[in-house]
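In: Return a 3D structure for these sequence lines:
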Amino acid sequence: MADEQGEVPFRLLEMFGAMMRYGSTVEAAESLGLSQPAVSIGIRQLEKQIGVTLFERLHRRLHPTEEALQLYEEVRPMFNLMRDFSLRAQAIRQGVSGRLRILSTPPLGHTIAPVALRELLRHRPDVSVSYDVRRLGEVIEAVQNGSADIGLALALEQHPAVNVEVLSRTHMVCLVPTGSALAEKAEISAQDLAATGFIGLEADSRIGQIIRTAFERDLASYNPRVEVRYCSTAAVLANADVAPAIVDPYSARFHASASVIERPFLPPSEITAVMLTRRGVPRSRLLHSFIAALRAAC
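Out: You can find the predicted model right below:
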């Protein structure tokens, strides 16, 4: 029934709309998931509340009155709007519609993430994506404050501000210019690089610390001829025949060319690819689908 202000409950309007579309209480009830008596009672309640006869029984069928036709034209846009709303909500719930905000550091943002994104969008024309590549600090901040749904990074096992989950574990590699004396070796050790010169990473970076630890384990002197901040920069310099470079395998894949040869780096130096998500926030079906695609890409 209506409230004290005389407002018509939406459920009664749904019954009225279904009756106008299907022309019988049986079909209207089926479309709404109700019983036929419930629809009949609802229509009588609506007629009583608004003081207008909406349907007349002729030849054992209910026919809309002129007043019903006029009222239906007024409320038809509302039914269309609610139907669109329901379909949209269903699409979001099923993960085939919506918006996803992805932020990544360069190694994963240029390799694995694009592959996963391609798979996500392949059969989801109604999904839109915000995608950017940033420094690690910016990725963490964006995930923490909610401006990104997911962040991707390397060499970050845990963080106090965000959830960190490992996507894959792999090992650092060496990019050797094809003209280098080391190009003939099947594996490149820290001792090899210490003897011939190499491109290193800044010690205060996480990956730089991993490389320094490898040199210490191999009792090799860590004295790079060139020191850079990012693996992608090291890979570019290796391609320019400056010197061999120790990089993550994702950057090596992105910068692969005929100018360099990829070799395993010894001692084995593990590096993790991780995803970052906001704490205390449920994941959407769309985000779950992207994460599944990421794991497959890894």
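
In: From residue 265, how far off is the nearest residue to residue 163 once chain neighbours are set aside?
Out: Distances taken as Cβ to Cβ, 6 or more residues apart in numbering place residue 277 nearest to residue 163, at 4.6 Å, with adjacent residues excluded. All C-beta spots, glycine's among them, are computed from the backbone N, C-alpha and C. Counting by Cβ to Cβ, to the nearest Å, the separation of residue 277 from residue 265 is 31 Å.

In: neighbour-wise, which of the two wins?
Out: Neighbours around residue 277 and residue 265, counted as other Cβ atoms under 10 Å, are more numerous at residue 265. The numbers are 24 against 17.

In: a strand runs through that one, doesn't it?
Out: Yes: if the criterion is DSSP: H, G, I helix; E, B strand; the rest coil, then residue 265 is within a strand.

In: Write down the beta-bridge partners of it, one by one.
Out: Beta bridges link residue 265 to residue 188, judged by DSSP bridges.

In: and the gap between it and residue 173?
Out: Computed with Cβ to Cβ, the distance linking residue 265 and residue 173 is 5 Å.

In: what touches both of these two?
Out: With Cβ atoms under 8 Å, 6 or more residues apart in numbering applied, the overlap between the contact sets of residue 265 and residue 173 consists of residue 246.

In: Show the contacting residues for the residue nearest to residue 163.
Out: Contacts of residue 277 were listed using Cβ under 8 Å, 6+ apart, and they are 143, 149, 150, 151, 162, 163, 165, 283, 287.

In: now do residue 58
Out: For residue 58, no residue counts as a contact, taking Cβ under 8 Å, 6+ apart as the criterion.

In: With residue 176 instead?
Out: Residues near residue 176 by Cβ under 8 Å, 6+ apart: 182, 183, 185, 188, 238, 244, 260, 261, 262, 263.

In: what's around the last one, how many residues?
Out: I take that to be residue 263. Under the neighbour criterion other Cβ under 10 Å, residue 263 is assigned a count of 20.

In: just to revisit the earlier point, counting neighbours, which of the contacts of residue 176 end up buried?
Out: 182, 188, 238, 244, 260, 261, 262, 263 (16 or more other Cβ atoms under 10 Å).

In: picking that back up, so which of the contacts of residue 176 belong to helices?
Out: Helix and strand membership here follows DSSP state H; of the contacts of residue 176, those in helices are residue 238.

In: returning to that earlier point: dump the contacts of residue 277 into JSON lines; add neighbour count and pLDDT as well.
Out: Written out in JSON lines, the entries for those read as follows (neighbours: other Cβ atoms under 10 Å; pLDDT from 0 to 100):
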{"residue": "143", "neighbour count": "28", "pLDDT": "96"}
{"residue": "149", "neighbour count": "23", "pLDDT": "94"}
{"residue": "150", "neighbour count": "23", "pLDDT": "97"}
{"residue": "151", "neighbour count": "31", "pLDDT": "97"}
{"residue": "162", "neighbour count": "20", "pLDDT": "96"}
{"residue": "163", "neighbour count": "18", "pLDDT": "96"}
{"residue": "165", "neighbour count": "11", "pLDDT": "96"}
{"residue": "283", "neighbour count": "15", "pLDDT": "89"}
{"residue": "287", "neighbour count": "21", "pLDDT": "93"}
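
In: Just the ones of those in strands?
Out: In this view, those that belong to strands under DSSP state E are 150, 151, 163, 165.

In: Might one say that the last one is in contact with residue 272?
Out: I take that to be residue 165. No: the pair residue 165 and residue 272 does not pass the contact test of Cβ atoms under 8 Å, sitting 9.9 Å apart.

In: can you put the ones in strands among the contacts of residue 277 in a markdown table and add distance to residue 24?
Out: Output for the ones in strands among the contacts of residue 277, formatted as a markdown table (distance: Cβ to Cβ, whole Å):
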| residue | distance to residue 24 |
| --- | --- |
| 150 | 50 |
| 151 | 55 |
| 163 | 53 |
| 165 | 54 |
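
In: Can you pick out the most distant pair from those?
Out: Between all members of those, the longest pairwise span (Cβ to Cβ) is found for 151 and 165 and amounts to 11.0 Å.

In: Point out where the stretch 1-150 of the chain drops to low pLDDT.
Out: Counting by pLDDT under 70, the stretch 1-150 of the chain has low-confidence residues at 1-6, 82-97.

In: so where do the helices sit in it?
Out: 10-22, 25-32, 36-50, 66-93, 106-109, 112-121, 136-145 (DSSP state H, counting those that start in this stretch).

In: what's the most buried one of those helices?
Out: Taking mean count of other Cβ atoms under 10 Å as the contact definition, the stretch among those with the greatest mean neighbour count is helix 106-109, which reaches a mean of 26.
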